[in-house]
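>>> Based on what follows, work out the 3D shape:
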Amino acid sequence: MDKIIRKRLSSAGFFCLVGLIVLLSLSPFFWFVDTSFKTEVEVTSVPPVVLPSFSLEFYRSAITRYGLLHFLRNSFIVASATTLLTISLAALAGYALSRLKFPFRVGLLKSLLVVSMFPQISIAGPVWRILYWAGLLNSYPGLIVPYVTLTLPLGVWVLTSFFSELPEELEAQARIDGCGYLQTLYRIILPLSLPGLFTAAILVFIYAWNEFFFALLIMTQRRYQTLPVGIALLQGQYTLPWGEIAAASTVATVPLVVVVFLFQKRIISGLSAGAIKG
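Numbers count the residues shown, from 1 in each chain. A predicted model of the protein is given here:
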């Protein structure tokens, strides 16, 4: 009996510790959401006001004075285009890596992940020079191309794992019916791999939506800046508009949080998909 009680107390203590860590981790998120619904007086009041008056003052100001919708549009364009290009290329590469038998196939796939782990600062100079010579600085393609390069290894890894789990008999039957490799991919493999495509698309979109370093480096003109850069550069003449920053951060973060909560099982399954066959 004592062992059962100690075991339950130990489990309760563990869950309490985990809950405390989660609460501390999420407290900044809850705080800026709370701040975004306050008034100017409540933001600067001492002691701090915990329960806001649920005013939309800062949201209106972020839209009208600081161009929040403009940054939101830029982020959506860049993230959507990056996702479409990355998934299209990753599907072709993933299918080849999962089905074609050639030397160092698994090593090539692993090397993609190794390359993706390089710190961004190590490639910032060459990337900037290439885009400068190509005249792509301060343009959507100038940001989309590096993003595709950075997200492609993850997309290839996820889709290769999903394609490898599909039975090869389906493709053999398709070839008997006269389908080539591309026809088999688009008519048979992709429809059966929609969960994997969806998982990879979510991960790529989240990365492109949140990326800050290259967006700051490449987009120096306000008209092309994305949401993370726009929020970071929000400032008044003498003070920082904390309320507007909180409102803009809420708009940038809450949709992603909702997507992750709704599709967390798909994301986890995509990141932990089985090893490559063969």
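>>> Quick check: residue 248 touching residue 68?
Yes - checked against C-beta atoms under 8 Å, the pair residue 248 and residue 68 is within contact range at 5.3 Å. To be clear about C-beta, it is placed using only N, CA and C from the backbone, and glycine gets the same treatment.
>>> More neighbours: those two, which one.
Between residue 248 and residue 68, residue 248 has the larger neighbour count (other C-beta atoms under 10 Å), namely 29 against 23.
>>> Show the contacting residues for that one.
Each residue near residue 248 by C-beta atoms under 8 Å, 6 or more residues apart in numbering is listed here: 62, 66, 68, 71, 227, 230-231, 234.
>>> Can I have the buried ones of these as a PyMOL selection?
Here is the PyMOL command that selects only those of these that count as buried (16 or more other C-beta atoms under 10 Å):
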select buried, resi 62+66+68+71+227+230+231+234
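>>> Take the contacts of residue 248 and keep only those in helices.
When DSSP state H is applied, the contacts of residue 248 are split such that 62, 68, 71, 227, 230-231 fall in helices.
>>> Overlap of the contact sets of residue 248 and residue 68?
When C-beta under 8 Å, 6+ apart defines a contact, the residues bordering residue 248 and residue 68 alike are 62, 230.
>>> same question for stretch 70-82, mean pLDDT?
Model confidence over stretch 70-82, given as mean pLDDT, is 95.
>>> mind exporting that stretch as PDB, just the C-alpha atoms?
The C-alpha coordinates for stretch 70-82 follow below in PDB (Å, rounded to 0.1, in the frame of the first residue of the first chain):
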ATOM      1  CA  HIS A  70       0.800  45.300 -45.000                       C
ATOM      2  CA  PHE A  71       3.300  43.200 -43.100                       C
ATOM      3  CA  LEU A  72       0.700  40.400 -42.700                       C
ATOM      4  CA  ARG A  73       0.200  40.300 -46.500                       C
ATOM      5  CA  ASN A  74       3.900  40.200 -47.200                       C
ATOM      6  CA  SER A  75       4.400  37.300 -44.800                       C
ATOM      7  CA  PHE A  76       1.500  35.400 -46.300                       C
ATOM      8  CA  ILE A  77       2.800  35.800 -49.800                       C
ATOM      9  CA  VAL A  78       6.300  34.700 -48.900                       C
ATOM     10  CA  ALA A  79       5.300  31.800 -46.700                       C
ATOM     11  CA  SER A  80       2.700  30.500 -49.200                       C
ATOM     12  CA  ALA A  81       5.000  30.700 -52.200                       C
ATOM     13  CA  THR A  82       7.800  29.000 -50.200                       C
END
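>>> Low-confidence ranges, the chain, go.
Applying pLDDT under 70 to the chain flags residues 1-10, 236-238, 266-267, 269-278.
>>> Buried residues, the helix or strand hosting residue 130. List them.
Residue 130 belongs to helix 121-134 when assigned by DSSP states H and E. Neighbour-count burial for helix 121-134 flags 127-128, 131 (criterion: 16+ other C-beta under 10 Å).
>>> could I get the residues you listed as CSV with distance to residue 98?
CSV is the format used below for those (distance: C-beta to C-beta, whole Å):
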residue, distance to residue 98
127, 30
128, 35
131, 33
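>>> what comes up buried for the helix or strand hosting residue 19?
Taking DSSP H and E as the definition, one finds residue 19 inside helix 2-36. Using 16+ other C-beta under 10 Å as the burial criterion, the residues of helix 2-36 that qualify are 32-36.
>>> re the thing from before, which helices and strands does the helix holding residue 130 pack with?
Taking 3 or more C-beta pairs under 8 Å, 6 or more residues apart in numbering; DSSP states H and E as the contact definition, the neighbouring helices and strands of helix 121-134 are helix 140-164, helix 213-218.
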